[in-house]
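1. following is a predicted model, sequence given first.
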Amino acid sequence: MSTHINNDAKFAKTVLMPGDPLRAKYIAEHYLKDYKEVTSVRGILGYTGKTSEGKEISVMASGMGIPSIGIYSYELFNEYGVENIIRIGTCGAYQKEVHVGDVILATSACSNSNYASQFDLKGGVLAPCSDFSLLLKAYENSKKLGINTHVGPIFSSDIFYDADKDYYKKWQALGVLGVEMESYGLFINAMRLHKKALCILTVSDTFVNDEEELTQIERQTSLDKMFRLALTLAE
Ligand code: HPA
């Protein structure tokens, strides 16, 4: 049985996965009905409840980084019958047209992580990506909700405080939209286990524009867009 999640926990087919445990709690408290805390091992909070339309959904934190989301998504997919994991996180923007507060739908994740080395691909590389059916549904639902999105590749970095402050320019030149630290691991686990994953991000900071960080209220409003969109993906 799972070592990192409460063994008795019941999860819905679809799990929304923010990085921060308190964000998981916030989503349960503000967006779910009839919800119950199902796990709190190591402070990684998870909840199962219903959307306002009565569909079953869970929300559980991933913690920070590929190793952490690698553990939790593997156990959810492998031991709790979860079929879809939708990461809902924040990212730093790499492109001028991507502004703080905007929403990104990640088509794929580039990385400097060695997470795929476990498969011994003899020099081959994986191309970890969002599940197309989830991506399409998220895109269509974003239009219905009037939420503008940027759709494209992101970079999942193993390093937050990079010693080379210009490193991002290499990914920027390749058209990568922004940087976070988890999706590559999630997408690879979904590939490995034949499950579905999607990543929706809100831009919290930018490497290229001279933009103010969001105020607390603006931050909440832009996160709210992403949460409402993610909740439409409950089955
Ligand atoms: N770097 C890495 N991860 C992030 C960032 C960032 O600037 N912003 C939000 N998640």
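-> Perfect, I can see it now.
2. quick one: name the residues of this protein near the ligand.
-> 90, 91, 92, 157, 160, 179, 180, 181, 204, 205 (CB under 6 Å from any ligand atom). Every residue, glycine included, has its C-beta placed from N, CA and C.
3. the same query, at a cut-off of 8 Å, please.
-> Contact residues (CB under 8 Å from any ligand atom) of the chain with the ligand: 89-92, 157, 160, 178-181, 204-205, 207.
4. can you pick the most crowded of the residues you listed?
-> residue 178 (29 neighbours; other CB atoms under 10 Å).
5. quick one, strands of the protein?
-> Here the chain has its strands, by DSSP state E, at 14-17, 33-39, 46-50, 56-60, 84-93, 103-111, 149-156, 178-180, 196-206.
6. can you redo those strands as a markdown table with distance to residue 213 and mean pLDDT?
-> Formatted as a markdown table, those follow (distance: least, CB to CB, whole Å; pLDDT from 0 to 100):
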| stretch | distance to residue 213 | mean pLDDT |
| --- | --- | --- |
| strand 14-17 | 24 | 98 |
| strand 33-39 | 31 | 98 |
| strand 46-50 | 28 | 98 |
| strand 56-60 | 25 | 98 |
| strand 84-93 | 11 | 97 |
| strand 103-111 | 17 | 98 |
| strand 149-156 | 19 | 98 |
| strand 178-180 | 15 | 98 |
| strand 196-206 | 6 | 96 |
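7. okay, the ones you listed in JSON lines with distance to residue 123 next?
-> Shown next, in JSON lines, are the strands of the chain (distance: least, CB to CB, whole Å):
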{"stretch": "strand 14-17", "distance to residue 123": "31"}
{"stretch": "strand 33-39", "distance to residue 123": "39"}
{"stretch": "strand 46-50", "distance to residue 123": "38"}
{"stretch": "strand 56-60", "distance to residue 123": "35"}
{"stretch": "strand 84-93", "distance to residue 123": "28"}
{"stretch": "strand 103-111", "distance to residue 123": "16"}
{"stretch": "strand 149-156", "distance to residue 123": "21"}
{"stretch": "strand 178-180", "distance to residue 123": "26"}
{"stretch": "strand 196-206", "distance to residue 123": "25"}
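8. contact partners of stretch 132-145?
-> When contacts are defined by CB atoms under 8 Å, 6 or more residues apart in numbering, stretch 132-145 is touched by residues 84, 86, 103, 105, 107, 148-149, 151, 196-198, 200, 225, 228-230, 232-233.
9. apply 10 Å and report the result again.
-> Identification of contacts with stretch 132-145 by CB atoms under 10 Å, 6 or more residues apart in numbering yields 14, 84-86, 103, 105-108, 129-131, 147-149, 151, 190, 196-200, 225-226, 228-233, 235.
10. work out which residue lies at the spatial centre of the chain.
-> The centre of the chain sits closest to residue 87, judged by CA atoms, centre = their mean, with a distance of 2.0 Å.
11. so how many other residues sit close to the closest residue to that one other than its chain neighbours?
-> Nearest residue to residue 87, sequence neighbours excluded (CB to CB, 6 or more residues apart in numbering): residue 199, at 4.4 Å. By other CB under 10 Å, 30 other residues sit near residue 199.
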